[in-house]
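**Student:** I would like the atomic coordinates for the input below:
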Amino acid sequence: MRGVFAISLDGGAELRPLEPWQAEEFLAHIDRARAAVDPWIPWASLTTSVESARTTLQRYADRTAADTGRIYGIWLDGTLVGGTMFVRFDAEAGNCEIGCWLEPAGQGRGLITRAARHLIDWAVRVRGMHRIIWQTRPDNTASRNVAQRLGMTLDATLRADYPYKGTRYDTEVWSLLAPEWLEPASRS
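**Tutor:** Next up, the predicted model:
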């Protein structure tokens, strides 16, 4: 049985909550996605068993319960191919960070952009978030392109911020403010 809550992303794709009971499906997806997402998503290399997949999903279930984060899967024609999440969600401060990942089978379809738009719209309109943050490495062209399509502004580059396999990489910090999102021209 698929999830109770689903948002159509068109073209046979859906956005729905990703929960601990889906650990086996999540692990199968990460196994397909690992080579493509490991350089960008820290937990990809740590999710190697059903138990570790459940731990990752439980961490986000706990964040959902605490109102400090959330995770959503993107299904394409019934197969989990990626997701988006609120890496951080601080309702009191009005700031949140969105992250994403996608296996090759889902790439080039605009799924992350459409999914992130839903998250941003909910965060701004329903939860009153003021600042949406997007962090990426400068060499992650796909992620940078999504930030730009979402109307985000590059705020800063944190030099040598992200260690990965013995090398330190820069991190770009992009953001979008609620008034910018609420202007119709910003979402074209």
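**Student:** so where do the helices sit in the chain?
**Tutor:** 23-37, 50-66, 111-121, 141-149, 178-182 (DSSP state H).
**Student:** if you compare the ones you listed, which one is most tucked away?
**Tutor:** helix 111-121 (a mean of 21; mean count of other CB atoms under 10 Å). For glycine as for every other residue, the C-beta is placed from the backbone atoms N, C-alpha and C.
**Student:** Give me the mean pLDDT for it.
**Tutor:** Here helix 111-121 scores 96 as its mean pLDDT.
**Student:** now it and helix 141-149, what's the angle there?
**Tutor:** Relative orientation of helix 111-121 versus helix 141-149 (axes from the mean of the first three to the mean of the last three CA atoms, to 10 degrees): 40 degrees.
**Student:** Using CSV, write out every CA atom in helix 111-121.
**Tutor:** Output in CSV follows, covering the C-alpha atoms of helix 111-121 (Å, rounded to 0.1, in the frame of the first residue of the first chain):
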residue,chain,number,x,y,z
LEU,A,111,11.5,16.5,-10.1
ILE,A,112,13.7,18.2,-7.5
THR,A,113,12.7,21.7,-8.6
ARG,A,114,9.0,20.9,-8.4
ALA,A,115,9.3,19.0,-5.1
ALA,A,116,11.4,21.9,-3.5
ARG,A,117,8.7,24.4,-4.7
HIS,A,118,6.1,22.5,-2.7
LEU,A,119,8.4,22.5,0.4
ILE,A,120,9.1,26.2,0.1
ASP,A,121,5.5,27.1,-0.4
